[in-house]
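Q: the following block contains a protein sequence and its predicted model.
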Amino acid sequence: MSATLAAYNAVLRRVDTGSLVKQYFTDDEMLKKILTTKKYDHGEVVRVPLHTSRNGGYTPLPEGGGNLNDAGNQVTDKAEYKKANHHYQVAIQGDVIDSTEGDAKAIAQATTTELEGAMDDIRFQISRQCFQNGEAILARAGTTTTSNIVHLTPTASAQYTSGTNAIERGWIYEGMEVDIGTASSEASLVDGEVVTAIDETLTDPTITVSTSITTTTSNYVSFKNARSGATSNEGNGFRNIVSQSSTLAGLTVAGQPRWKAAYESSTPTALTLAVLLNMDRKIHQKTGKKADVIFTGLKQEQKFYELLQQQVRYNNDKGIEAGNQEVARWRSKDVIGHPNCHDEDLYMGLWKHIFIAQGKDPYWQNAITGSKNAWDHIQGTDSYGGKLTWRVNLCTDRRQAFAAEKALT
């Protein structure tokens with residue numbers, strides 16, 4: 001639906017667009033720091049070369065010499081990642097442009113607000129996917145009996161797929177279009193209906209759609225068209241990248257035994273320094289290097305800070321300060337507490353082995369159509385539309401450089 005004049009009346013005031021206060025986070029610390037590269041782009045796929053084993057031709061001999069072992073070769077392979085196609089469509093009615101364009105004192109020059117908002121939103125969706133497992137599932141349903149108010153699983157019963165977490169993090173929100181179905185049939189219950197209301201009650205989160213349905217915990221909520229059956233159209237996340245069992249980039253662990261994380265645990269445990277030291281040791285053992293970054297949720301970032309705060313000693317009560325969670329570091333390296341990361345997850349690894357691969361930079365459709373403006377007239381309407389596209393995916397060239405705790409309490 002196009003943005004209407006009524007939608008913008010509330011912000012028609014006498015200051016510029018920079019004064020619009022965002023009601024959700026768009027400044028993403030991880031995406032600002034992570035490498036974005038076109039190095040491995042091969043059109044339809046991202047092809048990353050891998051060194052998987054040493055040459056077998058090494059020979060230790062006695063002083064008198066002897067026969068050399070057969071010559072071998074450095075064993076290589078390639079990981080092929082598909083780029084996730086992220087699109088964001090915007091539309092605006094002609095009377096909105098007429099009413100705001102050229103008014104230097106208007107708070108929301110609507111075209112600018114819509115275009116900038118689209119870029120913020122597409123970054124948010126990429127960030128969200130970076131902390132999921134590549135399945136394009138937002139939340140697991142709960143028990144709903146013939147109702148359009150669909151119950152989702154609460155945090156207490158399903159951490160990773162809880163509806164409470166999805167709503168709290170802004171992954172599910174009013175106005176979005178969703179599919180609801182099974183793992184293998186994404187829209188068997190609801191096919192692209194708008195979420196008209198949400199309730200993030202901790203013990204019983206719900207969303208409201210149009211159709212009355214019956215759900216169980218075998219049903220899932222996803223963005224409309226984000227899945228085709230069991231096939232995800234979204235990008236990779238740390239949950240499927242940092243794994244000792246899942247297939248990634250066309251390579252199985254069985255076929256390529258070294259194509260797995262240095263460590264992965266889904267056993268419920270409390271965050272301790274011993275847990276972190278164990279993860280770091282596992283990475284060091286596999287790569288010869290110590291980890292230099294930690295990604296985790298805000299809950300575990302707080303717990304990490306509390307671990308270190310216990311060691312602080314004060315000489316007196318003057319100038320005492322606490323609460324600087326973002327200052328706490330691991331071996332003087334980054335500890336990134338991210339709002340999109342699940343409460344129970346913590347990932348440790350090496351910055352150089354995680355990157356976002358892309359082809360083109362994000363672009364509006366006028367880069368293809370040749371128009372001078374991102375807005376094109378929608379034929380037969382009094383509206384203008386635009387489409388933002390970014391084809392990227394989260395990738396690694398060495399899974400052994402990462403470790404994960406996926407059930408921290």
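A: Looks like it arrived, so ask away. Residues are numbered from 1 along each chain as shown.
Q: all strands of the stretch 101-250 of the chain, in order?
A: Here the stretch 101-250 of the chain has its strands, by DSSP state E, counting those that start in this stretch, at 139-140, 144-151, 177-181, 190-194, 197-199, 206-215, 220-223, 227-228, 231-232.
Q: indicate which one of those is closest to H51.
A: strand 231-232 (28.4 Å; CB to CB). For every residue, glycine as well, the C-beta is placed using N, CA and C.
Q: now that closest one: average pLDDT?
A: Mean pLDDT, strand 231-232: 94.
Q: that strand pairs with which strands?
A: Strand pairing for strand 231-232, determined by DSSP bridges: strand 227-228 (antiparallel).
Q: follow-up on the earlier one: of all the strands of the stretch 101-250 of the chain, which one is nearest L251?
A: Among the strands of the stretch 101-250 of the chain, the nearest to L251 by CB to CB is strand 231-232 (17.2 Å).
Q: contacts for the closest one, please.
A: 134-136, 226 (CB atoms under 8 Å, 6 or more residues apart in numbering).
Q: quick check: ChimeraX command selecting the buried ones in these.
A: A single ChimeraX command selects the buried members of those (16 or more other CB atoms under 10 Å):
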select :134,135,136,226
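Q: mind putting the strands of the stretch 101-250 of the chain in a markdown table, distance to K406 and mean neighbour count included?
A: Formatted as a markdown table, the strands of the stretch 101-250 of the chain follow (distance: least, CB to CB, whole Å; neighbours: other CB atoms under 10 Å):
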| stretch | distance to K406 | mean neighbour count |
| --- | --- | --- |
| strand 139-140 | 16 | 24 |
| strand 144-151 | 25 | 16 |
| strand 177-181 | 25 | 21 |
| strand 190-194 | 29 | 18 |
| strand 197-199 | 26 | 14 |
| strand 206-215 | 25 | 18 |
| strand 220-223 | 19 | 24 |
| strand 227-228 | 22 | 17 |
| strand 231-232 | 19 | 16 |
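Q: closest to T389 out of those?
A: Ranking the strands of the stretch 101-250 of the chain by proximity to T389 (CB to CB) places strand 220-223 first, at 16.0 Å.
Q: packing partners of the closest one?
A: Contact here means 3 or more CB pairs under 8 Å, 6 or more residues apart in numbering; DSSP states H and E; on that basis strand 220-223 packs against strand 139-140, strand 177-181.
Q: where in this structure is pLDDT low?
A: Scanning the chain with the threshold set as pLDDT under 70 gives 1, 5, 8-26, 53-56, 72-75, 97, 100-111, 156-158, 310-327.
Q: quick one on the thing from earlier: wait, which of the strands of the stretch 101-250 of the chain is closest to F124?
A: With CB to CB as the criterion, F124 lies closest to strand 220-223 of the strands of the stretch 101-250 of the chain, at 12.5 Å.
Q: that closest one: how far from the chain's middle?
A: 15 Å (CA atoms, centre = their mean, to the nearest Å).
Q: partner strands of it, with direction?
A: strand 139-140 (antiparallel), strand 177-181 (antiparallel).
Q: could I get the ones you listed as CSV with distance to T206?
A: Shown next, in CSV, are the strands paired with strand 220-223 (distance: least, CB to CB, whole Å):
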stretch, distance to T206
strand 139-140, 11
strand 177-181, 12
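Q: do you know which of these lies nearest I354?
A: That would be, of the strands paired with strand 220-223 and by CB to CB, strand 139-140, which comes in at 25.8 Å.
Q: now that closest one, how far from the centre of its chain.
A: 16 Å.
Q: longest strand in the protein, please.
A: strand 383-396 (DSSP state E).
Q: so this protein: which segments form each domain?
A: 1-53+75-133+234-313+325-385+394-409, 139-232 (automatic domain parsing).
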